[in-house]
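> Requesting a structural model of the entry that follows:
(chains A and B)
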2 protein chains.
Amino acid sequence: MSLIVTGSIGIDTVITPTGRADDILGGSCTYFAAAASFFTPVRVVGAVGEDFPDEHVKLMDKFGVDLSGLERRAGSKTFRWTGEYHENMNDRDTLDVQQNVLAEPLPKVPDNFRDSKFVFLANTHPAGQMELLEQFPDAELVVADTMDLWINTALEELKALMKRIDGLVLNDSEAKLLTGESNMVVASGKIVEMGPRFVVIKKGEHGCLLNHTDGIGVLHAYPAANVVDPTGAGDSFAGGMMGYLASDDVKDHLDLAAIKRALAYGTIVASFNIESFSLKRLTEISRHDIDQRLEEYADCVRFD
Amino acid sequence: MSLIVTGSIGIDTVITPTGRADDILGGSCTYFAAAASFFTPVRVVGAVGEDFPDEHVKLMDKFGVDLSGLERRAGSKTFRWTGEYHENMNDRDTLDVQQNVLAEPLPKVPDNFRDSKFVFLANTHPAGQMELLEQFPDAELVVADTMDLWINTALEELKALMKRIDGLVLNDSEAKLLTGESNMVVASGKIVEMGPRFVVIKKGEHGCLLNHTDGIGVLHAYPAANVVDPTGAGDSFAGGMMGYLASDDVKDHLDLAAIKRALAYGTIVASFNIESFSLKRLTEISRHDIDQRLEEYADCVRFD
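Numbering: from 1, shown residues only, chains lettered A, B, ... in the order given. The predicted structure is shown next:
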């Protein structure tokens, strides 16, 4: 079913211990949409500047996502991020960031997107997320991402949003900041008490923890030996998760078991994503490759 | 079948963000033996000083472990450790350590222990581990623990030992130090190339990774909400693992699936252990409690 995602579409320069890629396609919305496209039709709402290269549009097009909500603004510049990863491939330094079009008013949601049933509110100011949310009256599943900046500067708006969404996705340090709890099981429980039916705490290379009103799920990360560029891992994880939940494979998208399986799909899509810069690796694989690796991963975690 | 463990038996003082316990029973051998005792008969070889309290011997006795290899040395003092945990319950500072009897010659292996089939060489100098190993001619499964100190100061002896053992257990920072690799999948592969049939990389609250000549296993930690004292988590994990492998439940103790299940048992015993200071929580539970929590844990990690 129709899955809509809003968020950043950017031009990245990424430096890793083993390589470097300049002016590649990046952004949370981009990685999310590509990852979700293996499971369900995806609609994108985002804005870029007039400097956005045609080749990047063509790359997004390869995933068959509906780009009718992509605004290319005359006189504006695209969001740009330059980052360098440490030797451990987990920690990174942001060397340069230019908000550009992201600092301008939000892009419009096309009328034909208003019937979207699955909504992912990528990380932005929670008041903006709320504004977006209200444009999807038929939404059946709404999941939001957030970050430390909003926990620190817009906590009341975030709390109001949490009462309106089904799921929240954030990383472990953000979960600690939001709840004051170091123990992620306790922290996740407190977050569920704040409103959402479930919360997914992302722990990077250490996997993720799900706290759902019906129970808890934990997933170790896929044991990836080949990490070229971790950029977009969290976004492609969320994209795989939401794409699967919006797919015809799932009957009850709020069911604990379905969400756990969705997290496993997210884990697998993210594991492919980090095998190359930008979306390159995702252009080379099919749903069949994802299912095959999911089976292999299931074998790794099985102990019966 | 007969499982033997050698290592430290000590008197700990532990300070955590929520409490403090003075002069409690500790030591790697102690935690290991108690954890393993739920699965199989356990033999202990270790030395303490004349200051070792009777109540600590009684506590070890509760687990039905064979203490005929426990030397209480006149004129010696017991190993003592004082540590304080940070607010995250993972990092800790050693405030005081007194080697005492651990700096003296190794305790003797009683003759009636020489037919031991399952041998766990707890963390000590690899030359000492090798010396011990040679006293068990009938050993069917030998697993060793090690640490950064020996990687830095006794690498050749450690490498020689690795060619003689079936399994190695170490933590992630030690695996990186040993191989120069930050990626634990790659690091674990390099360790297996150095000799052992399998390696278990412990990642604390993040679970563990198994690399075995037949495949890879990954386990997220048990989602523990109630952490009172993490001391002994790694030792009780190893004890649960080895105890299960030595038990009658296992037909082929080098089989990948059996070792994965053993790691799950280790995870569960460790999750009980951290719910109190010293061995207190382990005195309160039975094999039935362990199996029950294992099922609950299996539900958490299942995604099919």
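> For the stretch 201-304 of chain A, which segments count as strands?
Along the stretch 201-304 of chain A, the stretches classed as strands by DSSP state E, counting those that start in this stretch are A:208-212, A:215-219.
> In terms of helices and strands, where is A:Trp150?
helix A:148-153 (DSSP states H and E).
> ok so, going back, return the most buried member of the strands of the stretch 201-304 of chain A.
strand A:208-212 (a mean of 25; mean count of other C-beta atoms under 10 Å in any protein chain shown). Yep, even glycine has a C-beta here, placed from its N, CA and C like the rest.
> Point to the residue nearest the middle of chain A.
A:Asp235 (2.8 Å; C-alpha atoms, centre = their mean).
> For the helix holding A:Trp150, which residues meet the burial criterion?
Across helix A:148-153, burial judged by 16 or more other C-beta atoms under 10 Å in any protein chain shown covers A:Trp150, A:Ile151.
> Now that A:Arg197 has come up, it's in contact with A:Asn211, right?
No: with contact defined as C-beta atoms under 8 Å, A:Arg197 does not reach A:Asn211; the gap is 9.9 Å.
> Remind me what the longest helix seen in chain A packs against, helices and strands.
Identified as the longest helix of chain A according to DSSP state H is helix A:256-273. Counting contacts by 3 or more C-beta pairs under 8 Å, 6 or more residues apart in numbering or on different chains; DSSP states H and E, helix A:256-273 is packed against helix A:28-36, strand A:208-212, strand A:215-219, helix A:233-246, helix A:280-284, helix A:287-301.
> Looking at those, which is nearest to chain B?
Between chain B and those, the tightest spacing by C-beta to the nearest C-beta is seen for strand A:215-219, at 4.1 Å.
> quick one: the closest one to strand B:215-219, angle?
Put simply, strand A:215-219 runs at 140 degrees to strand B:215-219, going by axes from the mean of the first three to the mean of the last three C-alpha atoms, to 10 degrees.
> Strand A:215-219 - what's its average pLDDT?
Taken as a whole, strand A:215-219 has a mean pLDDT of 98.
> got the helices and strands packed on helix A:256-273 as CSV, with distance to chain B columns?
Formatted as CSV, the helices and strands packed on helix A:256-273 follow (distance: least, C-beta to the nearest C-beta, whole Å):
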stretch, distance to chain B
helix A:28-36, 17
strand A:208-212, 6
strand A:215-219, 4
helix A:233-246, 11
helix A:280-284, 17
helix A:287-301, 5
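> need the ones you listed in JSON lines with distance to B:Arg261, can you?
As requested, the helices and strands packed on helix A:256-273 are exported to JSON lines (distance: least, C-beta to C-beta, whole Å):
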{"stretch": "helix A:28-36", "distance to B:Arg261": "33"}
{"stretch": "strand A:208-212", "distance to B:Arg261": "22"}
{"stretch": "strand A:215-219", "distance to B:Arg261": "17"}
{"stretch": "helix A:233-246", "distance to B:Arg261": "28"}
{"stretch": "helix A:280-284", "distance to B:Arg261": "33"}
{"stretch": "helix A:287-301", "distance to B:Arg261": "12"}
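> on that earlier part again, the longest helix of chain A relative to helix A:287-301, how many degrees between them?
On the basis of the same axes, to 10 degrees, helix A:256-273 is oriented at 110 degrees to helix A:287-301.
> CA atoms of helix A:256-273 as CSV?
The C-alpha trace of helix A:256-273 is given here as CSV (Å, rounded to 0.1, in the frame of the first residue of the first chain):
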residue,chain,number,x,y,z
LEU,A,256,4.3,-7.4,17.4
ALA,A,257,5.4,-10.4,15.2
ALA,A,258,5.0,-8.4,12.0
ILE,A,259,7.0,-5.5,13.4
LYS,A,260,9.8,-7.9,14.5
ARG,A,261,9.9,-9.3,11.0
ALA,A,262,9.9,-5.8,9.6
LEU,A,263,12.9,-5.0,11.7
ALA,A,264,14.7,-8.0,10.3
TYR,A,265,14.0,-6.8,6.8
GLY,A,266,15.3,-3.4,7.8
THR,A,267,18.4,-4.9,9.1
ILE,A,268,19.0,-6.8,5.9
VAL,A,269,18.4,-3.9,3.5
ALA,A,270,20.7,-1.7,5.7
SER,A,271,23.4,-4.5,5.5
PHE,A,272,23.4,-4.2,1.7
ASN,A,273,23.3,-0.4,1.7
